[in-house]
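[1] sequence below, structure please.
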Amino acid sequence: MKKKEITLYDSYYSREKEEQTRAFLFEVYADEENWKSPEEIPDQRVYDEIAFQDGETWRDIKDGLNTIFEDGYYLLTGYCGTWRGRLDGGEFIRSLGDLLTVIQHLDDMKITDCNGHFIIEGSHHDGSDRYELKRLTHKGYLLADSNYFAKDRQLHNTIMNTNFYSALPKFAKRIYGL
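    Below you'll find the predicted structure:
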């Protein structure tokens, strides 16, 4: 199967993002601002536009997440980079608020849909994190419930690695039709 990776959100700085934003601003505002080339655009104007576009994209992602969380329970597993090394973990997720609580420490992040897998990668002052989000099936919910939604690595691994207990969220397909 061919790998199909769709970047849904990316708050990291890149020269490419800056150049695309300069080109966009030049195309839309050059006459109004009397810019002769994209290089004449003040850096702060470019950075403000990047921040604005990131904010709009983040709002769209949160709206989409609110929609998929209406389906039921999810499980987020992965690792958090700390000064003590990588720490594995998992959390049952019922709402956008639950997810935001887990990832609120990230300074920058990239969210991708890779063949239906919902992946969050981010960085913070201690290191890098990587998480995957999957939807619990009815059987997965019953298993989690019978274990009191425990923070137990064996339970999380069983749910994440068994298609009877979890399913791919297919976020890009469900929300954007991609």
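[2] can you list the weak-confidence ranges in the chain?
    1 (pLDDT under 70).
[3] which element, helix or strand, includes E132?
    Assigned by DSSP states H and E, E132 belongs to strand 127-136.
[4] now T112
    strand 108-114.
[5] name the next helix or strand downstream of that strand, please.
    Heading C-terminal from strand 108-114, the first helix or strand you meet, by DSSP H and E, is strand 117-124.
[6] show me what counts as buried in the next helix or strand after the strand holding E132.
    Moving toward the C-terminus from strand 127-136, the first helix or strand encountered (DSSP H and E) is helix 138-146. Of the residues in helix 138-146, those with enough neighbours to count as buried (16 or more other C-beta atoms under 10 Å) are G140, Y141, L143, A144. The C-beta positions use only the backbone N, C-alpha and C, and glycine is treated the same way.
[7] need these in JSON lines (columns: distance to V102).
    Converted to JSON lines, the buried residues of helix 138-146 look like this (distance: C-beta to C-beta, whole Å):
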{"residue": "G140", "distance to V102": "19"}
{"residue": "Y141", "distance to V102": "19"}
{"residue": "L143", "distance to V102": "21"}
{"residue": "A144", "distance to V102": "16"}
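[8] what is the most widely separated pair among those?
    For those, with distances taken as C-beta to C-beta, the pair at the greatest spread is Y141 and L143 (7.3 Å).
[9] tell me the bridge partners for the spatially most central residue of the chain.
    Compute the mean C-alpha point of the chain, and by C-alpha atoms, centre = their mean the closest residue is I111, 3.0 Å away. Per DSSP bridges, residues listed as beta-bridge partners of I111: Y9, I120.
[10] what's the strand holding T112 packed up against?
    Applying 3 or more C-beta pairs under 8 Å, 6 or more residues apart in numbering; DSSP states H and E, we find strand 108-114 packed against strand 5-10, strand 117-124, helix 171-176.
[11] would a markdown table of those with distance to V102 and mean neighbour count be doable?
    A markdown table is the format used below for the helices and strands packed on strand 108-114 (distance: least, C-beta to C-beta, whole Å; neighbours: other C-beta atoms under 10 Å):
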| stretch | distance to V102 | mean neighbour count |
| --- | --- | --- |
| strand 5-10 | 16 | 15 |
| strand 117-124 | 9 | 18 |
| helix 171-176 | 17 | 17 |
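[12] in TSV: these, plus distance to P42.
    Listed next are the helices and strands packed on strand 108-114 as TSV, based on distance: least, C-beta to C-beta, whole Å:
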stretch	distance to P42
strand 5-10	23
strand 117-124	28
helix 171-176	33
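[13] quick one: closest of these to F92.
    Within the helices and strands packed on strand 108-114, the stretch nearest F92 is strand 117-124; the backing value is 15.1 Å (C-beta to C-beta).
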